[in-house]
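Peer 1: Here is a sequence together with a model predicted from it:
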Amino acid sequence: MPTRTGRGPTPISHTATEAPAASLHDVIPQPDQAIVELLDPSKRNCATPLRALTAGNGSPRRPVAAAACDNARAADGAEADGRSIVSKQDRHAWARLRTRARPRNGAGLLVVTAVLAAMLAAGSAASLLATSARAASPQPSARPAPHSTILPERALASATPGTAIGSAGALSSAAALFAPKPGSGGWFWPTGTEDFGGYSGFLEPRGAYLHVAQDMDSPQGNPVYAVGAGTVWISRADTGGYGVGGAPGGCMIIVHRTAAGEEFRALYGHISDLKYKAGERVAAGAVIATVNGCGHLHFGIHPSTEYRDGNPYAGHVPKSWKDYGGWVDPVKYLKAHPRAATYVPPVLPVVRISTGSVPSRYGAAAGIAYWDEQVEGSAAKYAYDLLGGTRRQLAPGETAPAFDEVRYAVRTLVAPALGISVRDRQPVLALEALPASPRWGRSAQLTTTLTNAAGKAFGYAQVQLERLDGAAWAMVDQGRTASDGTRVFTVSPASRTVFRAQFLLPVAQPKNATYIAPESPVVTVAPKVRLSVPALPATVARGSTVTVTGSLVPRHAPGKGSVRLEFQRLTLAGVWAPAFTAGVVLSDGAASSLYARTVRLRSAGVWRVRATHPDDEEHAATLGGWRTFAVK
């Protein structure tokens, strides 16, 4: 096992075995109790009973540490739980009493004995026994903890992201760098080793919650390394739950990027001496902080920019969250998504075609290989489908097209073999949009897939997304493909937009992979508009006029627009039958177009109406929601 002190960051091996089985060490409140104590006897220096308190109105209060790691100071102050007050001295003594019986030195047992003797002499024995009784039999709270309360990290979840605490470190990032070995993926373990000391892993159960990070054993004061280069998003020294015993402590969230261009946010918790502020760039392997008194690092990864509960600090989520709040296993994620990767093209696909005699006038074009050969003393012309693998003889008078010598390299087979070999230098670049018609304000994902003619993927190839701007193409984004040849781009066009992708060839290519640059077929993304549900009275008098109103986003030109109202009436058979449609008049609103139309309904019954927008040059066809009303 590597030593704990003086070690540098170790590049992550993508062939390493899984981490040892995780064990419970953090404390999470059960949803149906106000006092919970969960102790992990396997930890060397921690015993952290946690009291989850409720305020007078039943809402949850910040969890208060009843004890702390024995190598750091416990949280200050005494807290009331509505039934009694436990003094700070009593809590500290109770924590020491519960700590495992293997102190760091011989003085540990003497300290516990001395404290207990002092408490008994001061008449605090009753208080100590009361504390023990409450720990042994947790009391139910007046109201279960809400499912969104994630402890201990939840306490300051409402803090504004990006608020910086601490100063930029004077430590040179170059001094902290350790070049990754080729093929390692390029990530650094944040504690310098893959030996996590048996600490809790991803999805470790905590009562009604799941642990959504990997805890990594590391003594207080040891350096914490950035897994890769990135930009600090949040740097705080006062994040709830990340201090000793559940008190506020240090937390840093850094935005990193994989070799394929995918961004993710890495959370480094239980830290102190934060060396970078929000917005600062961090080098791969740089020391960003040190481990605080909790004696381990909490390391989580969230690939998305949207957090389910709006809490970027969460270390635990309810078991009912099947998506785990967007958090992923950080160890598996880093192993599956390398930071640095070399362009890995597949070798040129080769199709070998046997002939009956020495071929002549050979070449290829548009997926078909052609050649001449002698058959029974006379010349014959043949064609071979490179994809389908079928051969045919050309009809009399049929000639081969001009050969594409840029795309295809055609050679005769080495003697004594008779025939030709065809190498296709044209990659296949596909582009797919999902959805092709996103709702207004939503995004579409454009997925490029780069393979050769044989279907082999290009790993970590540079591709570029472009949009048609008038008569020219403008770059939208660039990125590298993953090992499977795919690259996903996210777009949010305000109107109908045509996209294409290009493969950007490297300056130097391997001799057996000299490809040419393809362009993908074009795809169109046409967003829908946003139509409000029509507004009108719930009951309309038969034969009277009624004005139907609503809004349209984005704003359209005022006047008679393309929005129409579709009316339907419920028949006696319980089926909605079309009644009529009517155009509307648009006018300018504050941030949208307003539509209105006055109609007269002469038939009694149950009616419904919705707004519709047809497919046009700017937007896709859109159907609004129905409004049901009665005509009496």
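Peer 2: Cool, the structure landed. Residues are numbered from 1 along each chain as shown.

Peer 1: Leaving out chain neighbours, which residue sits closest to the residue positioned nearest the centre of the chain?
Peer 2: Residue closest to the mean C-alpha point of the chain, counted by CA atoms, centre = their mean, is residue 303 at 2.3 Å. Using CB to CB, 6 or more residues apart in numbering and skipping the chain neighbours, the partner closest in space to residue 303 is residue 264 (4.3 Å). C-beta here means a position set from N, CA and C on the backbone, and glycine is covered the same way.

Peer 1: per-residue confidence at the one you found?
Peer 2: In this model, residue 264 is scored at 95, pLDDT.

Peer 1: The one 3 residues further on too?
Peer 2: At residue 267, the model reports a pLDDT of 97.

Peer 1: And for residue 284?
Peer 2: So residue 284 comes in at 87 (pLDDT).

Peer 1: Spell out which helix or strand contains it, please.
Peer 2: Under the criterion DSSP states H and E, no helix or strand holds residue 284.

Peer 1: ditto for residue 396
Peer 2: Going by DSSP H and E, residue 396 is not in any helix or strand.

Peer 1: and it, how many neighbours does it have?
Peer 2: Residues contacting residue 396 under the criterion other CB atoms under 10 Å number 6.

Peer 1: And it, how far from residue 240?
Peer 2: Distance, residue 396 to residue 240, using CB to CB, to the nearest Å: 86 Å.

Peer 1: coming back round to it: the host helix or strand of the residue nearest to residue 303: partners in the sheet, and parallel or antiparallel?
Peer 2: Taking DSSP H and E as the definition, one finds residue 264 inside strand 263-272. Sheet pairing for strand 263-272, assigned by DSSP bridges, gives strand 249-257 (antiparallel), strand 287-291 (antiparallel), strand 296-302 (antiparallel).

Peer 1: for residue 245, helix, strand, or coil?
Peer 2: helix (DSSP: H, G, I helix; E, B strand; the rest coil).

Peer 1: Count the neighbours of it for me.
Peer 2: 28.

Peer 1: do residue 220 as well
Peer 2: Residue 220: 18 neighbours (other CB under 10 Å).

Peer 1: Out of the strands paired with strand 263-272, which gets nearest to residue 224?
Peer 2: Checking the strands paired with strand 263-272 against residue 224 by CB to CB gives strand 287-291 as the closest, at 4.6 Å.

Peer 1: centre of the chain versus that closest one, how much separation?
Peer 2: Here strand 287-291 is found 25 Å from its chain centre; the criterion is CA atoms, centre = their mean, to the nearest Å.

Peer 1: Would you mind listing the outside residues contacting it?
Peer 2: 169, 171, 176, 191, 218-226, 250, 252, 254, 268, 270-276, 282, 297 (CB atoms under 8 Å, 6 or more residues apart in numbering).

Peer 1: can you tell me how far residue 477 sits from residue 427?
Peer 2: According to CB to CB, residue 477 stands 19 Å off from residue 427.

Peer 1: before we move on, what about residue 443?
Peer 2: From residue 443 to residue 427 the distance is 27 Å (CB to CB).

Peer 1: So which of those two has more stuff around it?
Peer 2: residue 427 (21 against 15).

Peer 1: From residue 195, how far out is the more buried one?
Peer 2: 43 Å.

Peer 1: next one: residue 279
Peer 2: Going from residue 279 to residue 195 by CB to CB gives 33 Å.

Peer 1: Equivalent analysis for residue 598, please.
Peer 2: With CB to CB as the criterion, residue 598 and residue 195 are 76 Å apart.

Peer 1: same question, residue 425
Peer 2: Separation of residue 425 from residue 195 (CB to CB) stands at 48 Å.
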